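>>> What would the 3D arrangement of this be:
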Amino acid sequence: MPGKGKHRRPRTNPITRGFIAAGTGGAAIAIPLIGATGAHAAEQSAAPSVAPERAVSTAHTAAATQTAKQAATAKTVKTYSVTAGDYLAKIAETQKVSGGWQKLYADNREAVGDNPSLIHPGLKLTIGAKAKASAESKAEAAPKKAAPKKKAAPAKPAPAEPAPQADTTANEPAAQSADSGYTAPVDGATTTTPYRAAGGSWASGYHTGVDFAAASGTTVKSVGPGTVVSAGWAGSYGNEVVIKHDDGQYSQYAHLSSLSVSAGQRVAGGDQIGLSGSTGNSTGPHLHFEIRTGPSYGSDVDPLAYLREHGVSI
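The predicted structure follows:
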């Protein structure tokens, strides 16, 4: 006899439940985790991109700054080729060198050598190179140097140099006449070779001027008021200055190591016109001094007699 069948409830497999629950729960949990992880990864990937952009910008700025500096240097620095008749004072004036021939010489010391008067045609001089470097260093150190500059200012209005010169003049009446405006060409003038001394050392057969003892670098002064006729290289005379005085006579100063005046410049008696040296045909540092009736060689007269006529006794 067949037994009565009972309706059995299908049992759900616990593993299936667990799978579904885990699957459902896992899906619910996994979704936010995946989102969060993706966002975090995006932040990490975006962060490095900022650094390269800044690096590129910095590199471009540095390159632009360097290019600007090179362009500025190229504009301010130039090379000058020495020509016949040139001397440092003349070049500094024509090229408008700030600081004069002393600055030009300092910037080109290696090329010129120990004697600033011995420059030759073809010599290359650099103008503006070190001046720019100096200007940049001063700009960078401006905060540090500002205070010393203010302190140094009061010292300038009190030039102590003119006073000693006046005192020296008063102590040497034999070599200078304040009334006439004439003076000896060097302080403490002592003659070493007199006027018209005979000898084969001179083309004319005699000495056309008078030589004064003067160590290299001694200040050479105009003996009286006048106008500079020429200032430059003159062959055997080396660096020379020729001045036409108000009385029509001319004075010549030769073998100078450097020049302080230029042609056409007006000078007074006692004004510095250069520094003594040994340029040209010279056996050693001294000042060769002439008085002439004209600007050129061969018109010489007794220079000491001329000075005595103007109240200067040597």
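
>>> From V228, how far off is R266?
In this view, R266 and V228 are 8 Å apart by CB to CB, to the nearest Å. (Each C-beta comes from the backbone N, C-alpha and C, glycine too.)

>>> Let me fix that, I meant to ask about L256.
L256 sits 13 Å away from V228 when distances are taken as CB to CB.

>>> And those two? Which one has more around it.
For the pair L256 and V228, the greater number of neighbours falls to L256 (30 against 19), based on other CB atoms under 10 Å.

>>> ok so the more buried one is a strand residue?
Yes - counting by DSSP: H, G, I helix; E, B strand; the rest coil, L256 falls inside a strand.

>>> pretty sure it is touching V242, no?
No - L256 is beyond contact range of V242, at 11.6 Å (criterion: CB atoms under 8 Å).

>>> Just list the residues touching S278, thanks.
Contact analysis of S278 by CB atoms under 8 Å, 6 or more residues apart in numbering lists 216, 238, 255, 257, 284-286.

>>> again, 10 Å this time
115, 117, 214, 216, 238, 255-257, 284-286 (CB atoms under 10 Å, 6 or more residues apart in numbering).

>>> Same question for S299.
208, 249-250, 290-293.

>>> one step back: which residues do L256 and V228 both contact?
241, 273.

>>> ok, back up a step: which residues are in contact with each of L256 and V242?
Listed as contacting both L256 and V242 by CB under 10 Å, 6+ apart are 231, 234.

>>> which residues of the stretch 201-314 of the chain fall in helices?
303-309 (DSSP state H, counting those that start in this stretch).

>>> pLDDT below threshold where in it?
Applying pLDDT under 70 to the stretch 201-314 of the chain flags the ranges 201-204.

>>> rerun that using 80 as the cut-off
For the stretch 201-314 of the chain, the stretches flagged by pLDDT under 80 are 201-205.

>>> mind listing the strands for it?
Using DSSP state E, counting those that start in this stretch, the strands of the stretch 201-314 of the chain run over residues 210-213, 219-221, 226-233, 239-245, 250-259, 266-267, 272-276, 286-292, 300-301.

>>> Switch the ones you listed over to TSV; also include distance to T76.
As requested, these are exported to TSV (distance: least, CB to CB, whole Å):
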stretch	distance to T76
strand 210-213	42
strand 219-221	33
strand 226-233	27
strand 239-245	29
strand 250-259	25
strand 266-267	33
strand 272-276	29
strand 286-292	38
strand 300-301	47
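
>>> Nothing else from me, thank you.
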